[in-house]
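Q: Any chance you can model this:
(3 chains)
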Amino acid sequence: MLPYYQHIPFFSIVLLMICGILTSVVRSGRVALRIHLGAVLALLGANLVLLANVLPRQERFTYALGIVSHPYGNELVCGPLEATLAVAFLLVMAMSVLGGRDGVFEDVEPGKQNLYFVMCDLIMASLLAMIYTNDAFTAYVFIEINTIAACALVMAKDSGATLVATIRYLMMSLLGSGLFLLGLTFLYHITGHLLIIDIHDQVQQLAATGAYQIPLTVLMGMMALGLGLKSALFPNHTWLPDAHGSATTASSAILSGLVLKGYVVLLIKCIFCIFGEEVFAASHVGDVLLVMGALAMVVGSVKAIQETHIKRMIAYSTVAQIGYIYLGLGMGGAAAAVAAIYQMLVHAFTKPMLFLCAGELAEASGHRKQMYYLRGAGHRAKLAGVGFTVGGLSMIGLPLLGGFAVKFYLADAALSGSWKMWVALAALAVSSVLNALYYLPAIIQIWSKAQPGENLPQLPVKRPSLAFVVAVLVLGAGTVLLGVCCSGTGALLSLGLSLL
Amino acid sequence: MSELFSTLWTQRFMITAVLLFCIGAFSLVFNPNLIKKLIGFDLMDGAIYLMLTSAGYIRGRVAPIVTDFSAAPSVETYINPIPTGLVLTGIVVSVSVTAFALALVVRIYQKYHTVYLDVIMATMKKGVD
Amino acid sequence: MSRSDRSGWRKFCAWVDGEEWCAAPSAPQHPVSAGREPEREVSAFEAYQQSRRLMQAVGALFCITLAVVLALVVVHLPPFGDPANPTNNEVSRRYIEQGIEETGSANLVGGMILSYRVFDTFGESSVLFLAASCVTILLRRDRKNTTPQALRQMAHEERTDRKDKDVVLRTAVLLLMPVSIMVGFYVMLFGHLSPGGGFSGGSILGGGMVLYARTFGSKSVQRFFNEHIYHLVKVVCLMCYGLILIYYVFTGANGLNNHIWLGIPGHILSSGIIMPINVLVGFEVACTIYAFYALFSEGEV
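A: Here you go, the predicted structure:
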């Protein structure tokens, strides 16, 4: 018999899928929400137990899915890094759904609310599968599940704008998964394996002998490009502001906070587990990622400055923040990769909080999302104002908040490099200033009182619901904790990364 | 030169698949008509399945379905079953995605009375929602 | 567009594209949706055409570059049909040589995807389930996506369908229906012995149902297949599949004897979990295919 905790990854994925299937016949949206939250919170506990078990042992185990052992069937794999990511993603998922609950019940048709939570269940299942899988083709299948469910989250609001945003998102995603699958086909063709560990061994041999050099380089580029397309890496970010800006609040939080990260996790798996760091560095695909990441940091922020719609502004900020992740991945080396994963965690906590607070602020201003109408919204919805302020300051990089730790780690990792150092440092400096240029005015706007001359309607103070309070407090605590306990978390991540 | 041509001839299925993939990708990204975009997507996926199937084929061997149970099946008789299985899985995925995307196009057509994405975008910019 | 543009080549291109040769991508006139059409200005339209042409040029360039790069890759890949290719390694050897022993299925491909790679295949079934849910969100009738006009139109079509008793069509479908159901069940039940399996069998079954609904109207299908049965079949099939998967994986991972009776290879009752899964997937697919048809045409199952 295996130790009990090794079963947790498999049961987490299957339990969520079964919850999704059962939820499709539940009539009431509230029951569906309870099933979803119950499942996610239970799995959060289970994955914490898993983390507590693998961390002291420093082990990374594989779990065969079927009767036969290694290299003949599907497999899952789990180590400290995977367990940490799973715990963080489950927590953020529960809080995003909880905080955006009222918006979902308002925006989605009553008869179809249960299907919204089916999508949430399956997104979480596919994210966990992408984190835990040890089989490249399983990763592809779950990428597609993730794509369809994410598109469904965007379109759930069912207005003209969301439908068009969905189809644009879908087309880009399909191209991305097509490129990924083509890369995978080439990879299978030259290595003959689908399990990540075996592909890794074969790729190392190929790189040592120099065989199939051209296909290997091109397929690395194609898989990185495909995953980059799906995670809105510049210059393929154009679909993101529409999709994330027009969806209902919970959807925006899930999409920005988690769905994009799933693909980044897969890219990290590709770099460290499939190709191996040296082979990937030799192909110079990483340099392209670095430059694109640096450009995204600048262009996303500039676009965000021009934006007057608060949710679209936050969505453009996501483009910039994804740039930070790719900057770290492109720089190469373990320290930079740790910084990238750290950014992934910080962004996963901060961005849903920003979206939830922005939704609440807009609601307190009569459902208007233009910055102009948000003047003084912080006084009408105090907690949302505080949450938005904390999130914005973290994005700017105030010390003791998560964003600062990321910038510190990135800069620290960059200091060893060559030309990459200058690109990274310049991008970091420029983007920090630009971040301040749009988050600070937004924060000032929501806390300032209306001028006598202005013709803004008097709106009542909005009492936040308990669910919203819990969600913002948990996400805010996550942002602050990641900033304060940065050395501990960093050590955990680098331990996990070294075991990959 | 003749070597190149013989390589091209050996890899003819792959070359066809690559061309189909590019046509599909072109249509998916650059054609403004949503239905043609979807046709492009199906072409693209079909190309990948052609590529996978031809990766699994071995000259002179037959499909991996055993009919003679008297002796243990020999690897010399059958082609590689793995790519075929992957294609089976992939087809279901692309059927599902196509159905979903077509439903989306139906709704967009009901709303905007056109399937041309650039016309829709222009309409949205003018604020005629 | 001037008249001189109507050269043979462009006409030909337009014909290949399946487009009418017209300057504007004018919205097709649909009887139901002739309500409002966005106005277009001439100058905006010209700008739009120019941008579209630019787009096509950029696209063509991109496409050709991609094609060249990929062709270069393909030329360097292992040759087609060679037994010494890297893909023909110990994994495929094991699937062929020990596949029957370990899965009991004579169809080695079906045996492989439903035992060694059963987790993938469960994911694939969930994709289909997910797509059906998404289509339901989009197309099931509610106050956002239906107009009274559309409802009247549908009622009218339903009436004409009932009045129009085409003897040839009805007889042909009545003859074809049993055959399609029989073939569907055959492909499903013999999926472990011959080419076929749950998905293909289910598609044939679903196709038969669509044929029936098309001829006799979906009201007549609702006599034996309504929304409750649809949900029931779909959820029960997927749940059973999930439970089989859990049992199979749990015993497999622990190295326990799973007591699954593999039977004698080549017999109809053999191959352990593969035939049950094929049947379950087949029913799910048949339901889903019919649900796609019903949602697209009527907005309800």
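
Q: Count residues in the vicinity of A:L410, would you?
A: As a burial measure, A:L410 scores 26 neighbours (other CB atoms under 10 Å in any protein chain shown). Where C-beta positions appear, they are placed from N, C-alpha and C, glycine not excepted.

Q: For it, which non-adjacent residue is spatially closest?
A: Spatially, and ignoring its direct neighbours in sequence, A:L410 is nearest to A:A339 (4.5 Å; CB to CB, 6 or more residues apart in numbering or on different chains).

Q: so what pLDDT did that neighbour get?
A: Each residue has a pLDDT score; the one for A:A339 is 93.

Q: Verify the contact between it and A:V406 for me.
A: Yes. A:A339 lies in contact with A:V406 (CB atoms under 8 Å); the separation is 6.3 Å.

Q: what element comes up after the helix or strand that the residue nearest to A:L410 is a member of heading to the C-terminus?
A: In this structure, A:A339 sits in helix A:334-364 according to DSSP states H and E. Going down the chain from helix A:334-364, the next helix or strand is helix A:377-380, by DSSP H and E.

Q: hmm, back to that, give me the distance between the residue nearest to A:L410 and chain B.
A: Separation of A:A339 from chain B (CB to the nearest CB, to the nearest Å): 33 Å.

Q: could you measure that residue against A:L85, distance?
A: Distance, A:A339 to A:L85, using CB to CB, to the nearest Å: 15 Å.

Q: Look at these two and report which has more neighbours.
A: The neighbour count for A:A339 versus A:L85, taken as other CB under 10 Å, is higher for A:A339 (30 against 27).

Q: Tell me who's in contact with that one.
A: Going by CB atoms under 8 Å, 6 or more residues apart in numbering or on different chains, A:A339 touches A:328, A:406, A:409-410, A:412-413.

Q: Could you measure from the residue of chain B found nearest chain C over to C:M55?
A: The shortest separation between chain B and chain C is 3.1 Å, found at B:F30 (distances taken as CB to the nearest CB). According to CB to CB, B:F30 and C:M55 sit 6 Å apart.

Q: These two: who's more crowded?
A: Counted by other CB under 10 Å, B:F30 and C:M55 do not tie: B:F30 has more neighbours, with 19 against 15.

Q: residues in chain A within reach of chain B, list them.
A: Residues of chain A that fall close to chain B, judged by CB under 8 Å from any CB of the partner chain: A:137, A:141, A:144, A:147-148, A:151, A:155, A:160-161, A:163-164, A:166-168, A:170-171, A:174-175, A:178, A:181-182, A:185, A:188-189, A:194.

Q: May I ask you to confirm that B:T7 is in contact with C:L77?
A: No. In this structure B:T7 lies outside contact range of C:L77 using CB under 8 Å: 10.0 Å.

Q: Between the two, point out the one with more neighbours.
A: C:L77 (22 against 15).

Q: In contact with A:F186, which residues?
A: For A:F186, counting by CB under 8 Å, 6+ apart, the contacting residues are A:215, A:218-219, A:222, C:73, C:77.

Q: ok, now how distant is A:A334 from A:Q204?
A: Taking CB to CB, one finds A:A334 at 18 Å from A:Q204.

Q: hey, where'd the helices end up in the stretch 1-150 of chain C?
A: Assigned by DSSP state H, counting those that start in this stretch, the stretch 1-150 of chain C shows helices spanning C:8-17, C:42-75, C:90-97, C:99-103, C:108-111, C:118-139, C:148-163.

Q: Who are the packing partners of the longest one?
A: To tie it back to what came earlier, the one meant is helix C:42-75. Counting contacts by 3 or more CB pairs under 8 Å, 6 or more residues apart in numbering or on different chains; DSSP states H and E, helix C:42-75 packs against helix A:213-230, helix B:2-10, helix B:12-30, helix B:117-125.

Q: Among those, which comes closest to C:V249?
A: helix A:213-230 (27.6 Å; CB to CB).

Q: for that closest one, which positions count as buried?
A: By neighbour count on 16 or more other CB atoms under 10 Å in any protein chain shown, the buried set for helix A:213-230 is A:215-230.

Q: And for stretch C:70-80?
A: By 16+ other CB under 10 Å, the buried positions in stretch C:70-80 come out as C:70-71, C:73-78, C:80.

Q: Leaving out sequence neighbours, find the closest residue to C:S270.
A: Nearest to C:S270 is C:G263, by CB to CB, 6+ apart, at 3.0 Å.
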